[in-house]
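Undergrad: sequence and computational prediction follow.
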Amino acid sequence: MTHSDLVITKRMLGVLILLVGALGFVGVLLLDALRGDFGDFGPTQILALAGCLGLCALGVSLLPLGDRPA
Amino acid sequence: MIGTLERAQSAPRLLIFAQQALIGIALLLMVLHLAVYAVYAVGLITFPFDYDQGEGFELNDTVLLSQFQSPYRDNEVFPFYASNYPPLYHVILVPFAWLFGAEYWYGRLFGFLATLITAAAIGYAVQRATGQRAIAVLSGAAYLASNYIYHIGPLFRQHISMVMFETLAVVVIATLSESKRPRRLILVCLALLLAAGYTKQLAVATVAGVFIWLFLRGVRRSIAWAIPFAAVAGGIFLLINWSTDGQWWLNTITANVNQYILGQYTGLLGQFIALHGALLVLALLMTAYELYFDRLSVYAVWFIAALLNSVLAGKWGAGDSYFATAIAAMCILAGIFAGRTLSGTWRLPRFMIGVGRAMPLIGVASCAAFVLYGAAVVKLPLDMPIFREVGQLLGVQSNTKFPNFYDSAGWTMGYATIGQIPTAQDVANGWRIVEYAKADPRPILSEEAAFSFRSGKPVVSNPTQLLNLYNNNTPEKTLYDPSALIEMIEDQAFSAVILRRDQGQTAIIGFYPPPVLAAIERAYTLREAIPMNGYEYTVLLPNPSWSKPE
């Protein structure tokens, strides 16, 4: 690793995980809407949505850890 | 902010004794598991037929490659055969095929040795990180003790070799920060990852895990390495696809997109937690510690990636083996957690320094976790000396469909119903089936390749591959048209058809696409159902009253 290389911090990791969770959540909803039966969630979709929310919560919990390297 | 705990020398003598006693008990349990595993491996290595459905097709891939033929072929042309796995495992075994012909023992021995190498790598990683030799030995042995690893270790299948390459890759790169030759370390790691990926596609999660970890440690460096890695891996992919006229893509990618069964995944996940829960807790605690109080190690990122990838265990045709990589990662993290606790080398924030006082107790709990794990993953052949007595001592009886095999895992959809040691009767019955195959010079149509190999006939069809492709047919695109195979069946071009079904079933059941099974029912008639390895092999011979409609 070069000395000038960017090292991901805990906060940056938190933001990344939060974004992945949020995008995943929206993606599952969009996919459901595109299939034409919006709101009629099956167990796999509910699990996926819960997983995305879990990711968001994990991301948020890392935000206060600041600039320490991830 | 961060303080290092003092060594746990001040722990009360009683707790130190408890730790040592628990380590001793855990080691004894691991010796038992290792002995069962070794006996099982010997039983399989000497067994001359398919033990797990599909093994023979991997042997056929090896044989084809040894004859410089591609296993990625057109499924619609005789012998209607194509492989759905990458070639590295089979390529490694090619010299054995040259020397010994089509035999199962070398592929199974290779798988068994791969598990031992993986266990050694796990132990080495824990020893290097903690200096706790007993815990290192326990961690490596814990990998071998898992019911899931036991299941697939000594099989002629590529999965466990993929896990070996993955584990070696991760263990190699784990010390990147301290390395004086980081480029060489990364190169070796990426070569091992490439090997894992070309052993089985599932390694893509480990590749992602390693690159995510590299990304966390240095964005530019990770991208600089990802580009040539992707170029090499992708280049090989495109080259194989081009040289096989697209059959590589069809058979290794398209054919592996199967129906997802959520109940299969949740059942397997519950079973995985029930069996591995004790070490899983330690591994998760280690991951959480690194996430919030330290830097994430490559082991933790790998563990998360492997756990996420285990979701694919819900695919039709997948199963417990899809947790094998997560088990390897879990063993390393659990070992490091226990080792650090015993050596008192945690670095905790000030507000948690109080936890240090509880460290001897946590050390006892960590050692107890290995004992609990050792007790949870019991599987015993109850008809063998010593194991029979151990079984009586534990008060366990057969809880599987095999009369002399106990498996604490129980059963859930996707959990392979194997694990018993084949008997002499199984071998004798296998040869009886071969006699049917040999009785007529025509080729046979068999769901397992062993009967073709043993009767000196060509391996015709890979039934699950045909079924996967057939199930993915759409009105717009036909991935597999069974017409040519059906025509041969209706012409009674095969001297015998050999299918496998669960004992007690009476219908003609098999892995072939429904129209193929229907043709078999029309043109062939059941001659005998021969039991082997807990299944019934239905031998069907040409139906004399059948006449093909003009």
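TA: In hand now; what should we look at? Just so it is clear, the model here is predicted, and its values are computed rather than measured.
Undergrad: for residue A:55, which non-adjacent residue is spatially closest?
TA: The shortest distance from residue A:55 to any residue other than its chain neighbours is 3.1 Å, reached at residue A:21 (CB to CB, 6 or more residues apart in numbering or on different chains). C-beta coordinates here come from the backbone N, C-alpha and C atoms, glycine included.
Undergrad: hang on, isn't the one you found packed against residue A:61?
TA: No - assessed by CB atoms under 8 Å, residue A:21 is found out of contact with residue A:61, at 11.7 Å.
Undergrad: helix/strand/coil for residue B:154?
TA: Secondary structure state of residue B:154, per DSSP: H, G, I helix; E, B strand; the rest coil, is coil.
Undergrad: spatially central residue in chain A, please.
TA: Closest residue to the average C-alpha location of chain A: residue A:21 at 1.8 Å, with CA atoms, centre = their mean.
Undergrad: buried residues, the strand or helix carrying that one. List them.
TA: Secondary structure assignment for residue A:21, by DSSP states H and E: helix A:10-34. Of the residues in helix A:10-34, A:10-18, A:21, A:24-25, A:28-29, A:32 count as buried by neighbour count, 16 or more other CB atoms under 10 Å in any protein chain shown.
Undergrad: ok and the residue in chain B nearest chain A?
TA: Per CB to the nearest CB, residue B:218 is where chain B lies closest to chain A, at 3.7 Å.
Undergrad: residues from chain B in reach of chain A?
TA: B:182, B:215-221, B:260, B:262, B:291-292, B:295-296 (CB under 8 Å from any CB of the partner chain).
Undergrad: how about these, which pair is most distant?
TA: Across the residues of chain B next to chain A, the longest distance by CB to CB is 42.6 Å; it joins B:182 and B:262.
Undergrad: low-scoring stretches of the chain, by residue?
TA: Went with chain A since none was named. Low-confidence regions of chain A, defined here as pLDDT under 70, cover residues A:1-3, A:36-39.
Undergrad: I was thinking of chain B, sorry if that wasn't clear
TA: Applying pLDDT under 70 to chain B flags the ranges B:1-10.
Undergrad: can you report how many residues neighbour the closest residue in space to residue B:422 that isn't next to it in sequence?
TA: Nearest residue to residue B:422, sequence neighbours excluded (CB to CB, 6+ apart): residue B:47, at 4.6 Å. For residue B:47, the count of nearby residues is 22 (other CB atoms under 10 Å in any protein chain shown).
Undergrad: mind checking how far residue B:47 is from residue B:104?
TA: 7 Å (CB to CB, to the nearest Å).
Undergrad: which bits of chain A sit near chain B?
TA: Counting by CB under 8 Å from any CB, the positions of chain A adjacent to chain B are A:1-2, A:4-8, A:13, A:43-44, A:47, A:61-62, A:65, A:69-70.
Undergrad: check contacts around residue 18.
TA: This is for chain A. By CB atoms under 8 Å, 6 or more residues apart in numbering or on different chains, the contact set of residue A:18 is A:55-56, A:59-60, A:63.
Undergrad: if you could check chain B rather than the one you did, that'd help
TA: Contacts of residue B:18 by CB under 8 Å, 6+ apart are B:364, B:367.
Undergrad: and for the residue lying closest to residue B:509 once chain neighbours are set aside, the neighbour number?
TA: Using CB to CB, 6+ apart and skipping the chain neighbours, the partner closest in space to residue B:509 is residue B:501 (4.3 Å). By other CB under 10 Å, 17 other residues sit near residue B:501.
Undergrad: does residue B:501 sit in a helix, a strand or a coil?
TA: Assignment for residue B:501 (three-state DSSP): strand.
Undergrad: wait, residue B:529 sits on residue B:535?
TA: No - look at residue B:529 against residue B:535 with CB under 8 Å: they stay out of range, at 9.7 Å.
Undergrad: which residues do those two both contact?
TA: With CB under 8 Å, 6+ apart as the test, residue B:529 and residue B:535 both reach residue B:501.
Undergrad: so the two - more neighbours on which side?
TA: residue B:535 (20 against 16).
Undergrad: beta partners for that one?
TA: Here residue B:535 sits in beta bridges with residue B:502, residue B:532, going by DSSP bridges.
Undergrad: ok, it - contacts?
TA: Residue B:535 neighbours (CB under 8 Å, 6+ apart): B:500-503.
Undergrad: and those residues, which of them are buried?
TA: Among the contacts of residue B:535, those classed as buried by 16+ other CB under 10 Å are B:500-501.
Undergrad: who has more neighbours out of residue B:182 and residue B:262?
TA: Taking neighbours as other CB under 10 Å, residue B:182 and residue B:262 compare with residue B:182 leading, 16 against 13.
Undergrad: surely that one touches residue B:176?
TA: Yes - the criterion here is CB under 8 Å, and residue B:182 meets it with residue B:176 at 5.6 Å.
Undergrad: contacts only, for the closest residue to residue A:13 other than its chain neighbours.
TA: Of all residues not flanking residue A:13 in the chain, residue A:70 sits nearest, at 4.1 Å (CB to CB, 6+ apart). Going by CB under 8 Å, 6+ apart, residue A:70 touches A:7-10, A:12-13, A:62, B:216, B:295-296.
Undergrad: same deal with residue B:266?
TA: Counting by CB under 8 Å, 6+ apart, residue B:266 touches residue B:314.
Undergrad: now swap in residue B:44 and tell me
TA: Contacts of residue B:44 (CB under 8 Å, 6+ apart): B:51, B:108, B:154-155, B:421-422.
Undergrad: what's the closest of these to residue B:86?
TA: Top of the list for closeness to residue B:86, among the contacts of residue B:44 and by CB to CB, is residue B:155 at 16.9 Å.
Undergrad: test my guess that the closest one contacts residue B:47.
TA: No - the criterion here is CB under 8 Å, and residue B:155 misses it with residue B:47 at 10.6 Å.
Undergrad: show me which of the residues of chain B next to chain A are buried.
TA: For the residues of chain B next to chain A, buried by 16+ other CB under 10 Å: B:182, B:215-219, B:221, B:291, B:295-296.
Undergrad: got JSON lines for the residues of chain B next to chain A, with distance to residue B:283 too?
TA: Shown next, in JSON lines, are those (distance: CB to CB, whole Å):
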{"residue": "B:182", "distance to residue B:283": "27"}
{"residue": "B:215", "distance to residue B:283": "22"}
{"residue": "B:216", "distance to residue B:283": "19"}
{"residue": "B:217", "distance to residue B:283": "21"}
{"residue": "B:218", "distance to residue B:283": "26"}
{"residue": "B:219", "distance to residue B:283": "27"}
{"residue": "B:220", "distance to residue B:283": "31"}
{"residue": "B:221", "distance to residue B:283": "27"}
{"residue": "B:260", "distance to residue B:283": "26"}
{"residue": "B:262", "distance to residue B:283": "25"}
{"residue": "B:291", "distance to residue B:283": "12"}
{"residue": "B:292", "distance to residue B:283": "15"}
{"residue": "B:295", "distance to residue B:283": "17"}
{"residue": "B:296", "distance to residue B:283": "13"}
